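> Build me a model:
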Amino acid sequence: MEDRLQAVLEQLDNTQGAQLDRLDQLLRIPSVSTNPEHSDDVHAAAELCAQYLSDAGLDASVRMTSGHPMVVAHSGGDANAPHILYYGHYDVQPPDPIELWESPPFEPQIKDGPHGQRVVARGAADDKGQLMTFVEAIRAWTESGGG
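Got it, this is the predicted structure:
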């Protein structure tokens, strides 16, 4: 197991640029679910998340609900193996008040902070950033032969 974990960590290290590009693409979508003017953006974010999960080797789909769409993904693994349920959201809060932003909220920036560099954009911390850590971990696990 330690060798498999090391392979996953190396895969993550070796693909960090692509990971940041995917996060950047998701952060650029103004998926403000509380604003009806952004309903197409919310749907676009769901579609992109499903694509990322499919690219990571899962069977992913966007499912319509009475509200906003949800993304569901499954692996084709052994039905008797342990299962993991991950919940996250791809929508964001409105960026208001806009004048308090130092950079446009849907144009991700890498900025220096007190603990090193960080990505700054609406949704980077709640919840698109966290969502993408799970997607990228799944991708690295699959690409490194984890199954």
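> For G88, see how far away the residue nearest the centre of the chain is.
Closest to where the C-alpha atoms of the chain average out (C-alpha atoms, centre = their mean) is M132, at 2.8 Å. As judged by C-beta to C-beta, to the nearest Å, M132 and G88 stand 9 Å apart. C-beta coordinates here come from the backbone N, C-alpha and C atoms, glycine included.
> ditto for T133
Remark: distance between T133 and G88 (C-beta to C-beta) = 9 Å.
> From A45, how far off is L131?
L131 sits 10 Å away from A45, going by C-beta to C-beta.
> what about this protein, any weak spots by pLDDT?
Low-confidence segments of the chain (pLDDT under 70): 1, 147.
> Mind jotting down where the helices sit in the chain?
In the chain, the helices defined using DSSP state H lie at 2-14, 16-27, 39-55, 128-143.
> Remind me what the first one packs against, helices and strands.
Counting contacts by 3 or more C-beta pairs under 8 Å, 6 or more residues apart in numbering; DSSP states H and E, helix 2-14 packs against helix 128-143.
> what angle separates the helix it packs on from helix 2-14?
130 degrees (axes from the mean of the first three to the mean of the last three C-alpha atoms, to 10 degrees).
> List the buried residues for helix 128-143?
By neighbour count on 16 or more other C-beta atoms under 10 Å, the buried set for helix 128-143 is 128-129, 131-132, 135-143.
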